[in-house]
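Visitor: what follows is a predicted protein model with its sequence.
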Amino acid sequence: MFIRQTFIGRALSQIAVLLSIVLVALPLVMIGWQSLQGQGGLNYLVVLTGTPFVTFIGNSLVIAVATVAIVLVCSLAGAFAIELLRPRGSRLMLALLLGGLTLPAVALIAPLFTIIQSLQLDNTHWAVILPQAAIALPFGVLLCSNYIRGLPIEVWEAARIDGAGTVRFFVSILVPLARPILFVIAVFTFLGAWNEYVLPLLFLQAPDLRVATQVPTYFASERRMDLPKIFAANILISIPVVVLYLLTQSQFRRGLSGGAVK
C-alpha cells in the first residue's frame, strides 16, 4: 500500500512539473514564433537599427544598477540596525517599513508625481531610481532581517570582544556573510527596475532618456500594431535579465535556500 501511494504521488508530481513547464514555455515559444512572422529575422534587425535601442538599453542599465546599489546598501544597513544594534522602537520601525509591502504601486503614482515635481527631478534618471529603490526597499529589509536573524549571535559578540567597531563589523564580516541573500535581492531588484514601464513613462519625457521597455511603442500606434517587431523587441530587451540570472544562478539558489552559514 505504501509503495502504491509513493508511485501515485511521484506520478502526480511529475505531471505537475510537466504541466508547469508547458505553462511557462508555451507563451515563450509563441512569442518567439510570432517574432519571426512577416520579415522573419529582419524584424530583429529593424528593432536594433530603426530605434534608439542602444541608448534605451543604456538608460535602463544605469537606472537598474543604481537602484540595485541603493537597495542593497540600505536593506543590509537597515536590517543590521534593527536586528543587531536594536535601537529603541526598532520593531516598530520594521513594522512600519514592511507596511510598504501592502501598498499597491498604483496608489503611489499621484504622491510620487507631486514629490518628483516639487524636487524638480523630472526628466532625470533620479526620478525613476529613487521611487523604485523606495518600493523595493521593504522587501530587501525583510529578506536581510530574516537572514541576519539566522546568523549565530556569537559572531557579533566575538567581533565586539575583538574590538571591531560597528562599521568594521558591517563591512568586513556582515557583508561577506550576507552575500547570498544580497544576490537574491539584487536579482529581484534588477528585474523590477529593468521591467518598469509606468515610472519612465511618467517622468522621462525627453527622447534620449527613455528606457528599454519603451522600445515596443515605436511599432504601435492608434491605427496599427506591428506585432512581429513588438515581440522581437520584447525578446531583445529580456536578454540582459536572462544573462544576469545565468551568471548568478548558483548564488541565487544559495541565497533562496538560506545560505551556508555554519
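Guide: Cool, got the structure. Residues are numbered from 1 along each chain as shown.
Visitor: which residues touch stretch 100-116?
Guide: Contacts of stretch 100-116 with the rest of the structure, by Cβ atoms under 8 Å, 6 or more residues apart in numbering, involve 122, 127, 131, 134-135, 137-139, 142, 198-199, 202-203. C-beta here means a position set from N, CA and C on the backbone, and glycine is covered the same way.
Visitor: just the buried residues of those.
Guide: Neighbour counting by 16 or more other Cβ atoms under 10 Å classes Ala127, Pro131, Ala134, Ile135, Leu137, Pro138, Phe139, Leu142, Leu199, Leu202, Phe203 among those as buried.
Visitor: nearest to Ser20 among those?
Guide: Nearest to Ser20 out of these is Phe139 (Cβ to Cβ; 24.1 Å).
Visitor: ok, now which ones touch that closest one?
Guide: The contact partners of Phe139, by Cβ under 8 Å, 6+ apart, come to Leu101, Ile185, Phe188.
Visitor: neighbour-wise, give me the winner out of those residues.
Guide: The residue in the contacts of Phe139 with the most neighbours, by other Cβ atoms under 10 Å, is Ile185 (25 neighbours).
Visitor: just the contacts of Phe139: which has the poorest pLDDT?
Guide: Lowest pLDDT within the contacts of Phe139 is found at Leu101 (76).
Visitor: could you look up the SS state of it?
Guide: Using DSSP: H, G, I helix; E, B strand; the rest coil as the criterion, the local structure at Leu101 reads helix.
Visitor: check the gap between it and Pro138 for me.
Guide: Here Leu101 is placed at a distance of 5 Å from Pro138 (Cβ to Cβ, to the nearest Å).
Visitor: tell me the secondary structure for Ala38?
Guide: Just so we're on the same page, residue 38 is Gly rather than Ala. For Gly38, the secondary-structure state derived from three-state DSSP is coil.
Visitor: isn't it up against Pro228?
Guide: Yes - with contact defined as Cβ atoms under 8 Å, Gly38 reaches Pro228; the gap is 4.6 Å.
Visitor: more crowded one of those two?
Guide: Between Gly38 and Pro228, counted using other Cβ under 10 Å, the more crowded position is Pro228 (22 against 14).
Visitor: please flag which of the buried ones among the contacts of stretch 100-116 sit within strands.
Guide: In strands, judged by DSSP state E, none of those are found.
Visitor: those residues into CSV, with extra columns for distance to Gly192?
Guide: Putting the buried ones among the contacts of stretch 100-116 into CSV (distance: Cβ to Cβ, whole Å) gives the following:
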residue, distance to Gly192
Ala127, 16
Pro131, 11
Ala134, 12
Ile135, 8
Leu137, 12
Pro138, 13
Phe139, 9
Leu142, 15
Leu199, 11
Leu202, 16
Phe203, 16
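Visitor: still on that earlier bit, dump the contacts of Phe139 into CSV; add distance to Val46 as well.
Guide: Listed next are those as CSV, based on distance: Cβ to Cβ, whole Å:
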residue, distance to Val46
Leu101, 41
Ile185, 37
Phe188, 32
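Visitor: just those now: which is nearest Ala16?
Guide: In terms of Cβ to Cβ, no member of the contacts of Phe139 lies closer to Ala16 than Phe188, at 24.8 Å.
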